[in-house]
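[1] Next input, structure requested:
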Amino acid sequence: MSIPRALLATSGLLLALTLTACTSAPAETISEEPSGCNGVEVVVNFGVLDGTGSTTCVDISGDSAKAIDVVHEAGFETEGTATYGDAIVCRVNGLPSPTEPVVVEGQAEFTESCADMPPAFAYWALWQRSSAGGQWEYAQSGLGDLIIKKGESLGLVFTTGDSTPTPVSE
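    Predicted structure coming up:
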């Protein structure tokens with residue numbers, strides 16, 4: 001499914017503005033020692049969801065690869081939304097469940113349908129880091145379009161509440 005660039009840019013800007021408006025404290029920044037990964041480091045944190053996070057080094061052929069392929073090679077299955085496809089990550093390894101409610105303090109319970117944009121208080125944040133010792137930055141493209149280079153890191157964090165934590169190696 002092809003998403004017009006203007007729509008994707010507007011969606012990303014809207015999400016970024018929503019997150020900025022909802023964030024009461026700056027995003028936590030984790031500076032880590034170099035991991036020794038010669039490919040792409042993939043860090044997945046499930047937060048309040050009942051999933052097992054991990055940090056995995058994925059070898060890629062060539063200098064770069066599509067982020068979605070790297071995440072899948074790391075052993076994680078992703079699902080996009082009906083409206084935005086793989087530009088928005090709705091589920092990782094089946095979570096949040098399509099049948100069990102997500103509980104976030106201060107919000108009404110909800111069940112994620114993956115029909116449209118997830119709520120600003122409970123969604124998968126996509127992060128990118130240009131080097132092992134660098135700072136995490138919010139990805140500027142969706143998982144399906146993002147190109148990641150060898151030596152970079154990619155993070156998926158299920159974010160809840162009013163702050164957006166950066167990935168933490170597990």
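
[2] Show me the helices in the chain, by range?
    5-22, 67-73 (DSSP state H).

[3] For those helices, which has the smallest mean pLDDT value?
    Confidence, taken as mean pLDDT, is least for helix 5-22 of the helices of the chain (a mean of 38).

[4] Apart from its chain neighbours, what residue comes closest to the residue lying farthest from the centre of the chain?
    Distance from the C-alpha centroid of the chain, by CA atoms, centre = their mean, peaks at Gly62 (23.4 Å). Take Gly62 and drop its neighbours on the chain: the residue closest to it by CB to CB, 6 or more residues apart in numbering is Lys150, 7.8 Å away. Where you see a C-beta, it was placed from the backbone N, CA and C, and this is true even at glycine.

[5] ok, now which ones touch that neighbour?
    Lys150 makes contact with Asn38, Gly39, Val40, Ile60, Gly62, Asp63, Ser64, according to CB atoms under 8 Å, 6 or more residues apart in numbering.

[6] how near is the fifth one to Lys149?
    From Gly62 across to Lys149, the span is 10 Å (CB to CB, to the nearest Å).

[7] How about the residue nearest the centre of the chain: what's its closest non-neighbour residue?
    Nearest residue to the geometric centre of the chain (CA atoms, centre = their mean): Leu126, 2.5 Å. Of all residues not flanking Leu126 in the chain, Ala139 sits nearest, at 4.2 Å (CB to CB, 6+ apart).

[8] for stretch 77-96, which positions count as buried?
    Judged by neighbour count (16 or more other CB atoms under 10 Å), stretch 77-96 contains these buried residues: 78-81, 84-92, 95-96.

[9] Which single one of those residues is nearest to Cys114?
    Cys90 (3.9 Å; CB to CB).

[10] Now do the spatially closest residue to that closest one that is not a sequence neighbour, the pLDDT please.
    The spatial neighbour of Cys90 that comes closest, neighbours along the chain excluded (CB to CB, 6+ apart), is Cys114 at 3.9 Å. Looking at Cys114, its pLDDT reads 98.

[11] again with Asn45
    96.

[12] what's the answer for the one 5 residues further on, then?
    Each residue has a pLDDT score; the one for Asp50 is 90.

[13] what does Ala125 give?
    pLDDT at Ala125 comes out at 97.

[14] Equivalent analysis for the one 5 residues further on, please.
    You'll see Ser130 listed with a pLDDT of 93.

[15] Check the one 3 residues further on too.
    The confidence metric pLDDT takes the value 82 at Gly133.

[16] Contact partners for the residue nearest to Arg91 when sequence neighbours are not counted?
    Spatial nearest neighbour of Arg91, excluding adjacent residues (CB to CB, 6+ apart): Glu79 at 4.1 Å. Residues counted as contacts of Glu79 (CB under 8 Å, 6+ apart) are Val89, Cys90, Arg91, Gly94, Cys114.

[17] Alright, calling it a day.
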